[in-house]
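**Q** dropping a prediction and its sequence here:
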Amino acid sequence: MSASSAGAGAREGRIAARFAELKRQRRGGLVTFLTAGDPDGETSLRLLRRLPASGADLIELGVPFSDPMADGPAIQAASLRALKAGQTLRRTLAMVAAFRRDDAATPVVLMGYYNPIYVYGGEAFCRDAAAAGVDGLIVVDLPPEEAEELLAPARAHGLDLIFLAAPTTSDDRLPAVLRHARGFLYYVSITGITGTASAAEADVAAAITRIRRHCTLPIAVGFGIRTAAQAKAMAGIADATVVGSALVSTIAAHLDAGGGAGPGLVDAVTGLVEDLARGVREGSATVTEMRR
Amino acid sequence: MSGTPGRPRGVQTRLATEMDVPNTFRAGPDDRGHFGLYGGRYVAETLMPLILEVERAYAAARLDAAFRDEFESYLEHYVGRPSPLYYAQRLTDHFGGARIYFKRDELNHTGAHKINNTLGQILLARRMGKTRIIAETGAGQHGVATATVCALFGLKCVVYMGVTDIARQSPNVFRMKLLGAEVRPVTSGTATLKDAMNDALRDWVANVDDTYYLIGTVAGPHPYPMMVRDFQSVIGSEARQQILKAEGRLPDALVACIGGGSNAMGLFHPFLDDADVRMIGVEAGGHGLGGDAHCASLSKGSPGVLHGNRTYLLQDADGQIKDGHSIAAGLDYPGVGPEHAWLKDLGRVEYVNVTDAEALDAFQLCARLEGIIPALEPAHALAHVSRMAPTMGREQILIMNMCGRGDKDVFTVASALGVET
């Protein structure tokens, strides 16, 4: 695994520290995605607090948006559930701050769309997010061409702006994507929306090899990874594996008749995280074995 | 602008001073697709290479005389352009002020201005070798215009339409199906035009190789706002020549309705540097601007980022997009084209609004006095003309864009008037 060359700056951030630790352990990481406030603020915080012990190495927290254009039905529904329960960006930051009181080490990355951040105000948002204990930002609809106005405040407050690469991102374009990238690179493994198709393992492996020629940051692979078996396969290819829709669908499957959190919801989600974490560890062990 | 109630914190705007006024209003956008603060390319990385490909292809086509000739030939022989500039004598007499002209884009094939744009973009899509066309539609006019050109060129066509709109625009749904298009009902979000656009973008991300996204208005990521404006500018270019021929001078005012803003942009753009020509865009006031049941993004919205561009949006303090309301499905969009946002801030174009009830009155007046049943969208423009014309002198000239015909709306109007059909 390659070390994070950029991004550490004056302080060693939690993201860089976690990837360095994963490298020492010779294993890939598990990144779990949940939508903040899904299905309600209290349950969401309980889930968040249980994730590290269940095996999540990094936490991605989705910021609900009314128009999530890059997301499939599962995460769209999660966004609507959270908004209906009253989630706002301000509450999401408060949730991270509450999580940080018990966990100083697990990196938290907010993932969402630009409008809520823009309306909050880029500078104010980066200041408040950093104060809450957020480590990085993935802004799906903010390509490098438009990222300038968020880059400066993100840097000033020590937040890693994490960029996406996709199968459509050519070798010509990769340097532009990577120029301002910090923390890790998020490889979107399919041309499609979240939680729909799954990429073939060989295609992802070829893509990661191609990207590594340009990239010294760790690479996380996401979109379409649902099972422990898939996570195991990806662990041999990338530095980290992102699972989102499968977790969010587990929440949807454990709602009560009124749409609130049903009995067993938290255990079902953390149970899946435990399975996925086992998959990632087995996949990493296999690779280490093979490389010997 | 500063101090406008409800403006989100952190959004920096200020009054345009004389220093900010450009030499020309017609040079935008810049090479990154920005009209001042607005526009841009806010799309996911997967789509970014596709947007850049459309931009390159359009830049080449724009300079290609053969492309222009083909476009103009189809506009003449297939669409029926130029559309007439008609002096509305009886409405002029009725209002007792300015001489009122209608730019008759409702006489185009398919009954609205939308086909000017779909024709231009389908020629581009063919040039790019794309074989599958996707589109979003609200009222169904853009869907019909897209299905029409897809039939003309034998391309597969998928139209995304919110289930709410499918229910209120069923004649257009059937027209699209007759033309061979597949209409995909959109149930996500609030199941209206903005959600249809979300689903079209989701389709495009999943079908990057063969699919072209044919956006119906002057919104979306660059180059769409510029490209759609260019194709629609035939409206204003013709009107300019026609009024010079009819009256020997330029008009005093232009009036057009605004949903996304393509018919207005098409009429206004060729006149933007004629300082003596006033321009008024008319937004949907729905049940009035006091509540949330309207679509006046420019009057009551604030800057934000949606569907690939920064522009005025109807949104709450958390940046969540609000659903608008208008009796005219074609105006029912919570955003507006970024060039309009820019022209508003610069003060070059005035933006006003008209309620459902006022539009319904104008709709009926036009039918009775001119024998023209307008679409509910331009009925909004006419409602503003009814306020404005009487305040103008009899020697003054006003051109209104009659951008669509009202066949699609007769049942909506009957129901609003409590008439059994």
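**A** Looks like it came in fine.
**Q** verify the contact between residue B:216 and residue B:260 for me.
**A** Yes. If you go by C-beta atoms under 8 Å, residue B:216 and residue B:260 touch, sitting 7.2 Å apart. Quick note: C-beta positions are derived from backbone N, CA and C, even for glycine.
**Q** list the contacts for residue 237?
**A** No chain in the question, so chain A it is. By C-beta atoms under 8 Å, 6 or more residues apart in numbering or on different chains, the residues touching residue A:237 are A:201, A:204-205, A:208, A:221.
**Q** think we crossed wires, I meant chain B
**A** residue B:270.
**Q** looking at chain B, which helix or strand does the model trust least?
**A** helix B:163-168 (a mean of 87; mean pLDDT, DSSP states H and E).
**Q** distance from that helix to the middle of the chain?
**A** 20 Å (C-alpha atoms, centre = their mean, to the nearest Å).
**Q** which helices and strands sit right next to that helix?
**A** strand B:182-186 (3 or more C-beta pairs under 8 Å, 6 or more residues apart in numbering or on different chains; DSSP states H and E).
**Q** picking that back up, following element in sequence after the least confident helix or strand of chain B, please.
**A** helix B:170-178 (DSSP states H and E).
**Q** kindly export that following helix (C-alpha atoms) in PDB.
**A** The C-alpha trace of helix B:170-178 is given here as PDB (Å, rounded to 0.1, in the frame of the first residue of the first chain):
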ATOM      1  CA  SER B 170     -51.900  12.700 -20.300                       C
ATOM      2  CA  PRO B 171     -52.500  13.800 -24.000                       C
ATOM      3  CA  ASN B 172     -48.700  14.500 -24.300                       C
ATOM      4  CA  VAL B 173     -47.900  11.200 -22.700                       C
ATOM      5  CA  PHE B 174     -49.900   9.400 -25.500                       C
ATOM      6  CA  ARG B 175     -48.300  11.600 -28.100                       C
ATOM      7  CA  MET B 176     -44.800  10.600 -27.000                       C
ATOM      8  CA  LYS B 177     -45.800   6.900 -27.100                       C
ATOM      9  CA  LEU B 178     -47.300   7.400 -30.600                       C
END
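**Q** tell me where chain A has strands.
**A** A:29-35, A:58-62, A:108-112, A:136-139, A:160-162, A:164-165, A:185-188, A:219-222, A:240-243 (DSSP state E).
**Q** what lines up beside the last one in the sheet?
**A** Next to strand A:240-243 in the sheet, as set by DSSP bridges, lie strand A:29-35 (parallel), strand A:219-222 (parallel).
**Q** now whatever residue of the stretch 151-300 of chain B ends up closest to chain A. Nearest residue, chain neighbours left out?
**A** Closest approach between the stretch 151-300 of chain B and chain A, counting by C-beta to the nearest C-beta: residue B:206, at 4.0 Å. Setting aside the residues directly before and after it, residue B:206 is nearest to residue A:192 in space (C-beta to C-beta, 6 or more residues apart in numbering or on different chains), at 4.0 Å.
**Q** pretty sure residue A:286 contacts residue A:236?
**A** Yes. Using C-beta under 8 Å, residue A:286 makes contact with residue A:236 at a distance of 6.2 Å.
**Q** who has more neighbours out of these two?
**A** The residue with more neighbours, out of residue A:286 and residue A:236, is residue A:236; 20 against 14, by other C-beta atoms under 10 Å in any protein chain shown.
**Q** ok, now which ones touch residue B:186?
**A** B:160-163, B:195-196, B:198-199.
**Q** related to what we said a few turns ago, which residues does the least confident helix or strand of chain B contact?
**A** B:137-140, B:173, B:183, B:185-187, B:190-193, B:196, B:329, B:332, B:412.
**Q** low-confidence ranges, chain A, go.
**A** Scanning chain A for pLDDT under 70 picks out the ranges A:1-11, A:287-292.
**Q** backbone dihedrals for whatever residue of it ends up closest to chain B, please?
**A** Using C-beta to the nearest C-beta, the single residue of chain A nearest to chain B is residue A:121, 1.7 Å away. Per-residue torsions, residue A:121: phi 110, psi 120 (degrees, to the nearest 10).
**Q** ditto for residue B:305
**A** phi -120, psi 120.
**Q** and residue B:285, which of the three is it?
**A** Following DSSP: H, G, I helix; E, B strand; the rest coil, residue B:285 is assigned to strand.
**Q** just the one 10 residues further on next, same as before
**A** When classified by three-state DSSP, residue B:295 comes out as coil.
**Q** around it, how many other residues sit close by?
**A** 29.
**Q** tell me the contacts of it?
**A** Residue B:295 neighbours (C-beta under 8 Å, 6+ apart): B:259, B:283-284, B:286, B:314, B:324-326, B:331-334.
**Q** okay, strands next: where are they in the stretch 151-300 of chain B?
**A** For the stretch 151-300 of chain B, strands defined by DSSP state E, counting those that start in this stretch occupy the ranges B:156-162, B:182-186, B:211-213, B:253-258, B:278-286.
**Q** if we ignore the residues flanking it in sequence, what's nearest the residue positioned nearest the centre of chain A?
**A** Geometric centre of chain A, nearest residue: residue A:60, 3.5 Å, by C-alpha atoms, centre = their mean. In space, and not counting its chain neighbours, residue A:60 is closest to residue A:33: 4.2 Å by C-beta to C-beta, 6+ apart.
**Q** tell me the contacts of the one you found?
**A** Counted by C-beta under 8 Å, 6+ apart, residue A:33 has contacts A:60-62, A:111, A:222, A:242-244, A:247-248.
**Q** who wins for neighbours among the contacts of residue A:237?
**A** residue A:221 (27 neighbours).
**Q** how near is it to residue A:23?
**A** 17 Å (C-beta to C-beta, to the nearest Å).
**Q** ok, now residue B:295?
**A** Counting by C-beta to C-beta, the gap from residue B:295 to residue A:23 is 53 Å.
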